[in-house]
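Visitor: I'd like to go over a predicted model; first the sequence, then the structure.
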Amino acid sequence: MLNDITIGQFFPGNSVIHRMDSRFKIVLDIIYVVMLFTAQNFYGLGIACVFMIMVYSVSGISFRLIFKSIKPVLAIIIFTALLNLLFVRGDDTPLIDTGFITIYWKGVETSIFMVVRILFLIIGMSLLTYTTSPIVLTDAIESLLSPLKKVKFPVHELAMMMTIALRFIPTLIEELNKIMMAQKARGAALDTGNVFSRAKAMVPILIPLFVSAFKRANELATAMECRCYKGGEGRTKLRVLRFSKLDIYASGLTLCVFGMVIINNIVFAQ
Amino acid sequence: MNIIEVKDLEFEYKEYDENGEEIGANKALRGVDLTVPKGQFLAVLGHNGCGKSTLAKHLNGILTATSGTVLINGINAADEETVFDIRQIVGMVFQNPDNQLVATVVEEDVAFALENLGVPPNEIRKRVDVALRLVDMYEYREHSPHQLSGGQKQRVAIAGILAMRPECIVLDEPTAMLDPKGRAEVMATVKLLNSQGVTIVLITHYMDEAVQADRVVVMDSGLIIADGTPKEIFAQVDMLREHSLDVPQVTELMYELKKSGLDVPVDVLTERECADALLKLPHKAKCGAPAEESTLENKKEAPAIAETKHLTYKYSVGTPFEATAVDNVSVSIAKGQFVGVIGHTGSGKSTLIQHLNGLLKPTSGDVYIAGRNIWAKGSDIRSVRFMSGLVFQYSEYQLFEETVYKDIAFGPKNMGLNEEEIDKRVHAAAEAMGIDRDLLKRSPFDLSGGQKRRAALAGVIAMQPEILILDEPAAGLDPKGRDSVLDKISEYHRYSGTTILLVSHSMEDIVKYAEKILVMNRGRLFCYEDTDTVFSRTRELEQIGLGIPQISRLSHILAAEGMDIGKDIYTTERAKKRILEITNA
């Protein structure tokens, strides 16, 4: 059922990765992604991949979870693979040539290269959400974006919205379930018929959900006012983000690996 | 020293039409005077719409007065410059526990006010821990709010206010959406805070909460109409009834006894006080055999309309979260009966009733409706839902159409009835639930709380089900709304002969209407007997954590001290009859 949706998919733990400052984690994750796209050959990609596998094993997160995170994008991965396989042309003789389908060795190569790149992109991104609680992630984003306040970008408001969304998603899912049950009990047919009748059948569910969401928003706003909420100015935090030596080491290591990838590119370009 | 001083407070809601033109004003407060000394526990009573919530919102500057003043510790609460000081002195807790928690982690939520005030992090940490310990939620500090029960969420909300170290806490019906256990938790917390010197203003519909206060004020139509100690207020039974409010059962009993000529005091609030007064009267030790109620039991039982056989339901089978919600329940409900279903949260009662409507499929066992196995091969589950109508808790959430008429017609339309039949049923159902014809053209979202609830009920009644299952149909309503909903249901039961299953936490509500009571405990059927028989086992009911009516507790005290009026006492009428008999009046 809908209850199975877990937002953020955070797995609490006490590994080195869990203990890192979330701001560093985000930045280093971005560097890692850039690294994946900088790598121009299998050696460079291999370096980045070995690095990620290393980090992943240190985090204590089960490798089985990789499949879970890949599942939603499986279609994209297969599509990319096929596209490269069929349409990349090499200079040599084709491996297979049926007239209709022509596959070159270069196509196979590119295809594998792209798939590995996407796979490790997803693994890296999900490791961030697996090891960082959504609330800490929100804090980190707020902190990283704070320079944008100077150009009047509503950083605090954005973070507050994310926090409230995270807070109310389980509540609204529960409510959605309840409304669905109530309308089913009145004979609403939710899972039969064609696309149009199904879309129409959503009306008795979405309207009550919106009405209730607005009511909640209204009450929450009053409750926040009662607790002296007046926007982001002058706010402090219960949890202060602090970086430690650990984060410096991690940054050093990541940059070293990045350096290796770049050197590898230069060497092979010559 | 007074913490709150309200002088001649008036407040108007302006009403606007669709074009934003002012079309009138609605006076919610019409000259309220109220002073509250430091440390007092004040209860505010009044039906919905009497202005009590509006008054509360003036106490910390959420609303500003149209005229008159509100002083908090001598500071004007409406002054914009000091409004954040006022909000630290007077904290507010609201009815819906979900809609006042902001953060995804308990301790972060408690810290919210302090973060807003710019308190340094290490000081926040200290104050959050103190507040959480005070409401006894410290061990839950790293939980997320949706994992908590209603009572726990409400205590977190109180902690969020406490962290500001307020001198006064205003609670606006904090227990209205909670089960009896949650209510008790919250009340214990409120009493504890009061004993530590925090001034409490408690708005409530529950008389058992109001009697615990130092002082009670009653509001109606934007005015304070009575002000005194709980004893003084509750002794005025006529006045309270006139303003559609409840009185404690023992007070009502004494009032009725006095009317019948017994010399008893009316200002009693607890069963102990009541028993002491009654024991002073000359009386026999025991009542004669009760003759008046035996007619019911001789009635031959009709055939079963709903039946479960070895019904078991497990959640999340095959995961570490697997849990048995209903465990081997076999029960048979006779046609035409009014059955009360009781059990505390998590007892499996909601899961059980969802099976009777085919919304859940049993893990094992069978469900029969009108003799038909509803999960047999080829059975159409939608037709089962038309036969057994289920109304959920807070059923007004299911309203969605443009007009009340269309909303009530939703069920009958799904049944595939013709226009004429639908029209007939909509009007019949609206009438059964006391919804006027001109309301049918209005938007359901314009109705009052009680009207919405009745409109939602009419939407299920319009399907003319054989069984009508109601999950807490009166939850969250004020005494007047509650009585009108339950009376309408009882009336409908009488003239339509529909089998009714009424699920409720309130034993008082159930015994007033039900012929038989089904008690669930920990997923199992505890008993399914007629009301008198169930009440011969009140001790066991209390052991499994169910509250029994105050009047039953009174009869236990009386019996133990030599004035046995019988074990089957659960309504004040019956208690009155027996007491008149035992005292020979």
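Guide: That came through fine. Residues are numbered from 1 along each chain as shown, chains lettered A, B, ... in the order given.
Visitor: for chain A, what spans make up the helices?
Guide: Taking DSSP state H, the helices of chain A run over residues A:16-19, A:22-38, A:42-59, A:65-70, A:74-87, A:105-131, A:134-145, A:155-185, A:195-201, A:203-226, A:245-269.
Visitor: any chance of those in CSV, plus mean neighbour count and mean pLDDT?
Guide: All C-beta atoms are positioned from the backbone trio N, CA, C, and that covers glycine. Listed next are the helices of chain A as CSV, based on neighbours: other C-beta atoms under 10 Å in any protein chain shown; pLDDT from 0 to 100:
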stretch, mean neighbour count, mean pLDDT
helix A:16-19, 17, 91
helix A:22-38, 18, 94
helix A:42-59, 17, 93
helix A:65-70, 14, 81
helix A:74-87, 14, 90
helix A:105-131, 18, 91
helix A:134-145, 20, 88
helix A:155-185, 18, 91
helix A:195-201, 11, 81
helix A:203-226, 17, 94
helix A:245-269, 14, 92
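Visitor: now distance to chain B too, for those helices, in CSV please.
Guide: Shown next, in CSV, are the helices of chain A (distance: least, C-beta to the nearest C-beta, whole Å):
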stretch, distance to chain B
helix A:16-19, 14
helix A:22-38, 14
helix A:42-59, 20
helix A:65-70, 14
helix A:74-87, 23
helix A:105-131, 14
helix A:134-145, 5
helix A:155-185, 4
helix A:195-201, 10
helix A:203-226, 4
helix A:245-269, 19
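Visitor: need these in CSV (columns: distance to B:Ile75).
Guide: Putting the helices of chain A into CSV (distance: least, C-beta to C-beta, whole Å) gives the following:
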stretch, distance to B:Ile75
helix A:16-19, 47
helix A:22-38, 42
helix A:42-59, 54
helix A:65-70, 55
helix A:74-87, 61
helix A:105-131, 47
helix A:134-145, 34
helix A:155-185, 29
helix A:195-201, 55
helix A:203-226, 17
helix A:245-269, 47
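Visitor: distance of the closest residue to chain A within the stretch 351-500 of chain B relative to A:Ser111?
Guide: At 3.3 Å from chain A, B:Asn414 is the closest residue in the stretch 351-500 of chain B, using C-beta to the nearest C-beta. When C-beta to C-beta, to the nearest Å is the yardstick, B:Asn414 and A:Ser111 sit 51 Å from each other.
Visitor: ok, back up a step: and the residue of the stretch 351-500 of chain B closest to chain A, what does it touch?
Guide: By C-beta atoms under 8 Å, 6 or more residues apart in numbering or on different chains, B:Asn414 lies in contact with A:186-189, B:382.
Visitor: rerun at 6 Å
Guide: By C-beta atoms under 6 Å, 6 or more residues apart in numbering or on different chains, B:Asn414 lies in contact with A:Gly187.
Visitor: now swap in B:Lys284 and tell me
Guide: Per C-beta under 6 Å, 6+ apart, neighbours of B:Lys284: B:Ile582.
Visitor: picking that back up, between the helices of chain A, which one is closest to B:Ile489.
Guide: helix A:155-185 (16.7 Å; C-beta to C-beta).
Visitor: report the distance from that closest one to the chain centre.
Guide: Taking the mean C-alpha point of helix A:155-185 and that of its whole chain, the gap between them comes to 20 Å (C-alpha atoms, centre = their mean, to the nearest Å).
Visitor: now swap in stretch A:134-147 and tell me
Guide: Averaging C-alpha positions (C-alpha atoms, centre = their mean) puts stretch A:134-147 15 Å from its chain's average.
Visitor: show me the contact partners of it.
Guide: With contact meaning C-beta under 6 Å, 6+ apart, stretch A:134-147 is reached by A:8, A:22-23, A:26, A:155, A:159, A:162-163, A:166, A:241, B:104-105.
Visitor: for stretch B:419-436, same thing?
Guide: With contacts defined as C-beta under 6 Å, 6+ apart, stretch B:419-436 is touched by B:405, B:408-409, B:412, B:454-455, B:457-458, B:461-462, B:488, B:492.
Visitor: would you format the contacts of stretch A:134-147 as CSV with distance to B:Asp220 included?
Guide: Below are those laid out as CSV (distance: C-beta to C-beta, whole Å):
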residue, distance to B:Asp220
A:Gly8, 49
A:Ser22, 54
A:Arg23, 57
A:Ile26, 58
A:Val155, 49
A:Ala159, 45
A:Met162, 44
A:Thr163, 41
A:Leu166, 42
A:Leu241, 53
B:Thr104, 41
B:Val105, 42
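Visitor: could you report the neighbour count for B:Glu185?
Guide: Neighbour count of B:Glu185, defined by other C-beta atoms under 10 Å in any protein chain shown: 22.
Visitor: and if you look at B:Leu63?
Guide: Residues near B:Leu63, counting by other C-beta under 10 Å, number 21.
Visitor: do the same with B:Thr66
Guide: Neighbours around B:Thr66, by other C-beta under 10 Å: 15.
Visitor: ok, now which ones touch B:Met563?
Guide: By C-beta under 6 Å, 6+ apart, the neighbours of B:Met563 are B:279, B:283.
Visitor: how does it look with 7 Å?
Guide: B:278-279, B:283, B:582 (C-beta atoms under 7 Å, 6 or more residues apart in numbering or on different chains).
Visitor: widest-spaced pair of the contacts of stretch A:134-147?
Guide: Greatest spatial distance in these: A:Val155 and B:Val105, 21.0 Å, computed using C-beta to C-beta.
Visitor: surely B:Glu15 forms part of a strand?
Guide: Yes. Counting by DSSP: H, G, I helix; E, B strand; the rest coil, B:Glu15 falls inside a strand.
Visitor: with adjacent residues omitted, what lies nearest to it?
Guide: Leaving aside its chain neighbours, B:Glu15 sits nearest to B:Gly24 (4.9 Å; criterion: C-beta to C-beta, 6 or more residues apart in numbering or on different chains).
Visitor: just the element for the one you found, please.
Guide: strand B:22-37 (DSSP states H and E).
Visitor: same thing with B:Arg578?
Guide: B:Arg578 is part of helix B:572-582, with elements assigned from DSSP H and E.
Visitor: using CSV, write down the CA coordinates of that helix.
Guide: Output in CSV follows, covering the C-alpha atoms of helix B:572-582 (Å, rounded to 0.1, in the frame of the first residue of the first chain):
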residue,chain,number,x,y,z
THR,B,572,-28.9,8.0,35.7
GLU,B,573,-32.5,7.1,35.1
ARG,B,574,-32.1,3.6,36.4
ALA,B,575,-29.9,4.8,39.3
LYS,B,576,-32.6,7.3,40.3
LYS,B,577,-35.4,4.6,40.2
ARG,B,578,-33.4,2.2,42.4
ILE,B,579,-32.3,4.9,44.8
LEU,B,580,-35.9,6.1,45.2
GLU,B,581,-36.9,2.4,45.8
ILE,B,582,-34.1,1.7,48.3
